[in-house]
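In: kindly return the folded structure for what I paste below:
(chains A, B, C and D)
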2 protein chains.
Amino acid sequence: MRTVDPARHQARRRHIIDAAAGLFAAKGFERTTTAEICKAAGMSAGNLFHYFPSKRAVFHAVFEGDEHDGAARAERFAAARAADDPWRALLDTVDLLAAPAAEPLVPALVMEAMIQAHRDPELEALLSRDNDEERSTLTALLRSAAAAGQIDPALDPDDTAAWVMALIAALYTSAATDPAFSPADQLPTLRLIVHRFLRPDAHRPPER
Amino acid sequence: MRTVDPARHQARRRHIIDAAAGLFAAKGFERTTTAEICKAAGMSAGNLFHYFPSKRAVFHAVFEGDEHDGAARAERFAAARAADDPWRALLDTVDLLAAPAAEPLVPALVMEAMIQAHRDPELEALLSRDNDEERSTLTALLRSAAAAGQIDPALDPDDTAAWVMALIAALYTSAATDPAFSPADQLPTLRLIVHRFLRPDAHRPPER
DNA sequence: GTCTATAGGAGGATAGAC
DNA sequence: GTCTATCCTCCTATAGAC
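Out: You can find the predicted model right below:
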């Protein structure tokens, strides 16, 4: 055994990541000091840098899900593209993408990531991998739904996919900036807006 | 004359603010150093701190319009509330709030301000003054438009005003994060979404 | 009013003992 | 693997000459 128990090593990393995530969400990347992360994780600076080469590496790790997550995610997107009812699949995908907004730290972390991505090409690449996957899935579903006569055929699939993602992002940014905004309570309204945007002829709220 | 030519003093401040705004937009508040601001403004550190007490004060000044701006703004909101046609006034207000998104630096600055407002009560107060004014104007217009039978009466005015602001904010965040997103080109789509959201029975795009 | 020079302090990262 | 102690860089803000 080279480095005694890689599972323990992983658990230790995860412990640090969880401690750091709360701080990054509350204070942002630059205003969070490594000393604070150490304190929150209950360890010394020397030890922290044994697990991560830099503060930025800790930040990146917050946004790199496990491989398990990544696989499950890819599978769900593939299933959505292959679904019989594209409109239903599209609504499910919107729900899937919007759901994490209800978790306490996620909206603030997402905003911080959007800001940092500008100035950090490595993070940019990390995030845009997921982003491109989401966008292309939505575009495919919009095309299928249009072909099936389920949505307004006048909408451009690429622009519309970008807007659907922007509407979902609005849930995150509102949650992060407005304390009175409850993502869980507002999710039905997001669905309503998407529904009316894409299917202006069906006035009633979504049937689900 | 106490301090020789207050107009010159104002102009000098404005020069610094303009130089700093570009840096804050590109790099964010914490990663912009005062040395960089000095270089961009073509002056020494000692001189910079003659005009502003701290880096943070420069940042705040970026978001404090002139009194002239503030007055013109308040006037436009008052006019909107008093308008004969609330629906038309509402669309005009959306345009008014969305228009700055097309200016080059504004979306990035707005995002940076949203992030900083969390941790800076003074900035928070500064921004929420404007924010509350916008939201209450929209709420009033939504009530009037509902009373006039111009929009879906089932929509709660407070929640809906928050969502209209979130949709406008989405224009800013998309512009700041997605290089392919042109706010000027996408403004009609924003109007379309607002239109369909609020008036699901009138399918056609806004008549203006 | 504007400059040069520097004080003063914080924070990221490392060295080396245990 | 984990700690303590510390280095070194960089940044805000000020002092004081001109």
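In: so chain A: which segments form each domain?
Out: Domain segmentation of chain A under automatic domain parsing yields A:6-63, A:67-198.
In: pull the distance from the shortest one to the chain's centre.
Out: Taking Cα atoms, centre = their mean, to the nearest Å, one finds domain A:6-63 lying 20 Å from the centre of the chain it belongs to.
In: which SSE is residue A:14 in?
Out: Element membership of residue A:14, judged by DSSP states H and E, is helix A:6-27.
In: next: residue A:119.
Out: Residue A:119 belongs to no helix or strand when elements are defined using DSSP H and E.
In: nearest spatial neighbour of it, skipping sequence neighbours?
Out: Leaving aside its sequence neighbours, residue A:119 sits nearest to residue B:27 (Cβ to Cβ, 6 or more residues apart in numbering or on different chains; 6.5 Å). The C-beta positions use only the backbone N, C-alpha and C, and glycine is treated the same way.
In: make TSV out of the domains of chain A and add mean pLDDT and mean neighbour count.
Out: Output for these, formatted as TSV (pLDDT from 0 to 100; neighbours: other Cβ atoms under 10 Å in any protein chain shown):
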stretch	mean pLDDT	mean neighbour count
domain A:6-63	97	16
domain A:67-198	97	17
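In: of those domains, give the one that comes closest to DNA strand C.
Out: domain A:6-63 (3.0 Å; Cβ to the nearest atom of the strand).
In: measure that closest one end to end?
Out: One end of domain A:6-63 to the other measures 21 Å (Cα to Cα, to the nearest Å).
In: that one near DNA strand D at all?
Out: Yes - interface with DNA strand D: domain A:6-63 contributes A:8, A:9, A:12, A:42, A:43, A:44, A:45, A:46, A:47, A:50 (Cβ under 7 Å from any atom of the strand).
In: narrow those to those in helices?
Out: Mapping the residues of domain A:6-63 next to DNA strand D onto helices (DSSP state H) picks out A:8, A:9, A:12, A:45, A:46, A:47, A:50.
In: now do the same contact list for the fourth one.
Out: Under the criterion of Cβ atoms under 8 Å, 6 or more residues apart in numbering or on different chains, the neighbours of residue A:45 are A:34, A:35, A:38.
In: test my guess that the last one contacts residue A:46.
Out: No - between residue A:38 and residue A:46 there is no contact under Cβ atoms under 8 Å: 9.2 Å.
In: before we move on, the earlier item: can you list contacts of the helix holding residue A:14?
Out: Residues outside helix A:6-27 that contact it (Cβ under 8 Å, 6+ apart): A:3, A:32, A:36-37, A:40-43, A:48, A:51-52, A:58-59, A:61-62, A:105, A:108-109, A:112, B:119.
In: in chain A, which helix is the longest?
Out: The helix that spans the most residues within chain A, counting by DSSP H, is helix A:121-147.
In: how far out from the middle of the chain is that one?
Out: 12 Å.
In: also stretch A:148-162?
Out: Chain-centre distance of stretch A:148-162: 23 Å, with Cα atoms, centre = their mean.
In: what's next to that stretch, contact-wise?
Out: So stretch A:148-162 is contacted by A:86-87, A:135-136, A:138-139, A:142-143, A:145-146, A:198-201, B:174, B:178, B:180-181, B:186, B:189 (Cβ under 8 Å, 6+ apart).
In: now do the same end-to-end measure for that stretch.
Out: Terminal residues of stretch A:148-162 lie 21 Å apart, using Cα to Cα.
In: coming back round to it: out of the residues of domain A:6-63 next to DNA strand D, who's nearest residue B:123?
Out: Using Cβ to Cβ, residue A:45 comes nearest to residue B:123 of the residues of domain A:6-63 next to DNA strand D, at 31.3 Å.
In: and that closest one, how close does it get to residue A:95?
Out: Between residue A:45 and residue A:95 the distance is 42 Å, computed by Cβ to Cβ, to the nearest Å.
In: likewise for residue A:202?
Out: Distance from residue A:202 to residue A:95, counting by Cβ to Cβ: 18 Å.
In: same thing with residue A:68?
Out: Per Cβ to Cβ, residue A:68 is found 21 Å from residue A:95.
In: just the element for the residue nearest to residue A:141 when sequence neighbours are not counted, please.
Out: In space, and not counting its chain neighbours, residue A:141 is closest to residue A:90: 4.4 Å by Cβ to Cβ, 6+ apart. Element membership of residue A:90 [criterion: DSSP H and E] is helix A:86-98.
In: any idea how far the helix or strand following that helix is from the chain center?
Out: Moving toward the C-terminus from helix A:86-98, the next helix or strand (DSSP H and E) is helix A:106-117. Put simply, helix A:106-117 sits 9 Å off its chain's centre (Cα atoms, centre = their mean).
In: between helix B:106-117 and helix A:106-117, find me the angle.
Out: 130 degrees (axes from the mean of the first three to the mean of the last three Cα atoms, to 10 degrees).
In: what lies in contact with helix A:106-117?
Out: For helix A:106-117, contacts defined as Cβ under 8 Å, 6+ apart pick out A:21, A:24-26, A:28-29, A:59, A:62-63, A:100-101, A:123-124, A:127-128, A:169, A:172-173, A:175-177, A:183, B:28, B:111-112, B:114-115, B:118, B:173, B:176-177.
In: can I get the residues of domain A:6-63 next to DNA strand D in TSV including distance to DNA strand C?
Out: Below are the residues of domain A:6-63 next to DNA strand D laid out as TSV (distance: Cβ to the nearest atom of the strand, whole Å):
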residue	distance to DNA strand C
A:8	18
A:9	17
A:12	16
A:42	16
A:43	11
A:44	7
A:45	4
A:46	3
A:47	8
A:50	8
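In: how close does residue A:31 get to residue B:176?
Out: 20 Å.
In: and for residue A:199?
Out: From residue A:199 to residue B:176 the distance is 29 Å (Cβ to Cβ).
In: could you do residue A:71 as well?
Out: 31 Å.
In: again, but for residue A:53
Out: Residue A:53 is 29 Å from residue B:176, by Cβ to Cβ.
In: same question, residue A:76
Out: For residue A:76, the distance to residue B:176 (Cβ to Cβ) stands at 28 Å.
In: around chain B, pick out the residues from chain A.
Out: By Cβ under 8 Å from any Cβ of the partner chain, the residues of chain A that approach chain B are A:27-28, A:30-31, A:108, A:111-112, A:114-115, A:117-119, A:159, A:162-163, A:166-167, A:169-171, A:173-174, A:176-178, A:180-181, A:186, A:189, A:192-193, A:196-197, A:200-201, A:203.
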